[in-house]
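Enquirer: Have a look; sequence and predicted model below, questions after that.
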Amino acid sequence: MNVKTSDARWATLRQSMPAGRDWAYFDHAAVAPISGPAAAALQAWGDDVAANGAANWLTWSQRVEEARHAAARLVGAAAEEIALVPNTTAGISLVAEGFPWQPGDNVVAPANEFPSNLYPWMNLAQRGVEVRRVEPVGGRLDLDRLSAACDSRTRIVTASWVGYTSGWRSDPAELAAMAHSHGALLFLDAIQGLGAFPLDVKAAGVDFLAADGHKWLLGPEGAGVCYIRRELLDLLRPQNVGWHSVRHQHDFSHIELDLKPAAERFEGGSQNIAGFVALGASINLLQLAGIEAVGQRIIELTDLACQRLEEISAVIVSDRTPRNKSGIVSFDLPSRGGAAPDLMEIRRKLMGQHVLLSCRGGHLRISPHAYNTPEDIDRLIEAIRNCG
């Protein structure tokens, strides 16, 4: 497996990731290191607010709006369709709690979703809403089985773009078409794909989307994005209404519930300015490299990692068919002396060698980003060998 190392964009991206100096970092599907530009943005904001308080608040507020526009470009949406949210859960809850449910309605979801894409929907039981959890087939999302669970009372189909354990990457357009064929809407949990692969929500037909920035987007925790298709803004009842929600947001003496005609209406009050500005800096960094190229690079690296892991008798659990593989690879190591490997102990030993991965679903899991290198993979393989 040949991974090109001569492309200057990857050297530039690598230089923009300080964690790459000391770590072979393979845990972007958990919590990624923030980029250098994101760190610089946080530092600049902290220095300014420490020295000047709110004197430059309008400047930083404009930077937040620039981050909103960057997020909109990333998913092919209008800025008016992007709400800046604290995390993926907040984006999911925004839709789950704001939707006009009727008793007897249902939500259809894969059973192996990350808890954040199950609990907000399950919390609707007191409103008479059923959550139909569809078991996957070998960790793979089965579109036919998902479709079979839908009926005339299905209002929303919710699914992850990329499975956090299996790494199974679905086609958002296929998910949307299936949901729409039943008269339902699609909510896409995009946290494991956004920043790693290109997405056009309009072309795909996605209705709602949420993703935190602390994984593949290389931003800080507590700063994420939620997309709401323009035609659906008025469908949702805002749950978090504050001064930032209304058209006249800076006229505090004018009390009128005149909501903004944009997704900002869902943001409520004061924002995580530092976090959103830092997220915008990382999005710009990724867009400079080109998201399509980033995705191709991630696939090349994971293909190489699978090849190298199999050379040391690891068993790749994740599906690696071309249309479904992603930046997540789960694998098992052979037993030694008849005993199953202690995954957390392996992880601890790898960390001692400055190699970071995760344990998920009873497997070891790696998730390299585009700035990783074949040399990082060499370090991973050597570190695993040293665990013996």
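Expert: Happy to help now that I have it.
Enquirer: Spatially nearest residue to Arg63 (excluding sequence neighbours)?
Expert: Nearest residue to Arg63, sequence neighbours excluded (C-beta to C-beta, 6 or more residues apart in numbering): Val277, at 4.6 Å. Just so you know, the C-beta spots here come from the backbone N, C-alpha and C atoms, and that holds for glycine as well.
Enquirer: neighbours of that neighbour, just the number please.
Expert: For Val277, the count of nearby residues is 25 (other C-beta atoms under 10 Å).
Enquirer: and it, what element?
Expert: helix 273-289 (DSSP states H and E).
Enquirer: which residues sit against that helix?
Expert: Identification of contacts with helix 273-289 by C-beta atoms under 8 Å, 6 or more residues apart in numbering yields 9-10, 12-13, 16, 34-35, 37-42, 45-46, 60-61, 63-64, 66-68, 70-71, 73-74, 84, 195, 213, 217-225, 294, 370.
Enquirer: Quick check: the residue nearest to Arg63 vs Val85, distance?
Expert: 15 Å (C-beta to C-beta, to the nearest Å).
Enquirer: just Arg63 next, same as before
Expert: For Arg63, the distance to Val85 (C-beta to C-beta) stands at 17 Å.
Enquirer: When the two are compared, which one has more neighbours?
Expert: Per other C-beta under 10 Å, whichever of Arg63 and Val85 has more neighbours is Val85, with 28 against 20.
Enquirer: partners of that one in the sheet?
Expert: Gly224 (DSSP bridges).
Enquirer: in which helix or strand would I find Ile346?
Expert: With DSSP H and E as criterion, Ile346 is part of helix 343-352.
Enquirer: That helix: what's the following helix or strand?
Expert: Per DSSP H and E, the first helix or strand lying C-terminal to helix 343-352 is strand 355-356.
Enquirer: I'd like the distance from that following strand to the chain centre, please.
Expert: 21 Å (C-alpha atoms, centre = their mean, to the nearest Å).
Enquirer: Please name the strands paired to that strand in the sheet, noting orientation.
Expert: Using DSSP bridges, the strands paired with strand 355-356 are strand 24-25 (parallel).
Enquirer: returning to what we had before: only the buried residues of the helix holding Ile346, if you could.
Expert: Under the neighbour-count criterion of 16 or more other C-beta atoms under 10 Å, helix 343-352 has Leu343, Ile346, Arg347, Lys349, Leu350 buried.
Enquirer: quick one: contacts for Leu124?
Expert: Contact analysis of Leu124 by C-beta under 8 Å, 6+ apart lists Ala96, Trp101, Val107, Val131.
Enquirer: per-residue confidence for the second one?
Expert: Predicted confidence (pLDDT) at Trp101: the value is 98.
Enquirer: Tell me how many other residues crowd the residue nearest to Ala72 when sequence neighbours are not counted.
Expert: Leaving aside its sequence neighbours, Ala72 sits nearest to Ala79 (C-beta to C-beta, 6+ apart; 4.4 Å). Neighbour count for Ala79, taken as other C-beta under 10 Å: 16.
Enquirer: Surely Ala79 touches Ala70?
Expert: No. Using C-beta atoms under 8 Å, Ala79 is not in contact with Ala70; the gap is 9.3 Å.
Enquirer: Can you tell me how far Leu188 is from Ala176?
Expert: In terms of C-beta to C-beta, Leu188 sits 8 Å off from Ala176.
Enquirer: go on, Val206?
Expert: When distance is defined by C-beta to C-beta, Val206 is 6 Å away from Ala176.
Enquirer: likewise Asn240?
Expert: Asn240 is 26 Å from Ala176, by C-beta to C-beta.
Enquirer: more neighbours, these two?
Expert: Comparing Asn240 with Ala176 by other C-beta under 10 Å, the one with more neighbours is Ala176, at 21 against 18.
Enquirer: How about the contacts made by the more buried one?
Expert: Leu186, Ala204, Gly205, Val206, Asp207.
Enquirer: Dump the C-alpha coordinates for the helix or strand it falls within into PDB.
Expert: Secondary structure assignment for Ala176, by DSSP H and E: helix 172-181. What follows is helix 172-181, C-alpha atoms only, in PDB (Å, rounded to 0.1, in the frame of the first residue of the first chain):
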ATOM      1  CA  PRO A 172     -26.300  10.200   3.600                       C
ATOM      2  CA  ALA A 173     -28.200  10.500   0.300                       C
ATOM      3  CA  GLU A 174     -29.400   6.900   0.600                       C
ATOM      4  CA  LEU A 175     -30.400   7.400   4.200                       C
ATOM      5  CA  ALA A 176     -32.300  10.500   3.300                       C
ATOM      6  CA  ALA A 177     -34.100   8.900   0.300                       C
ATOM      7  CA  MET A 178     -35.200   6.000   2.500                       C
ATOM      8  CA  ALA A 179     -36.500   8.300   5.200                       C
ATOM      9  CA  HIS A 180     -38.300  10.500   2.700                       C
ATOM     10  CA  SER A 181     -39.900   7.500   1.000                       C
END
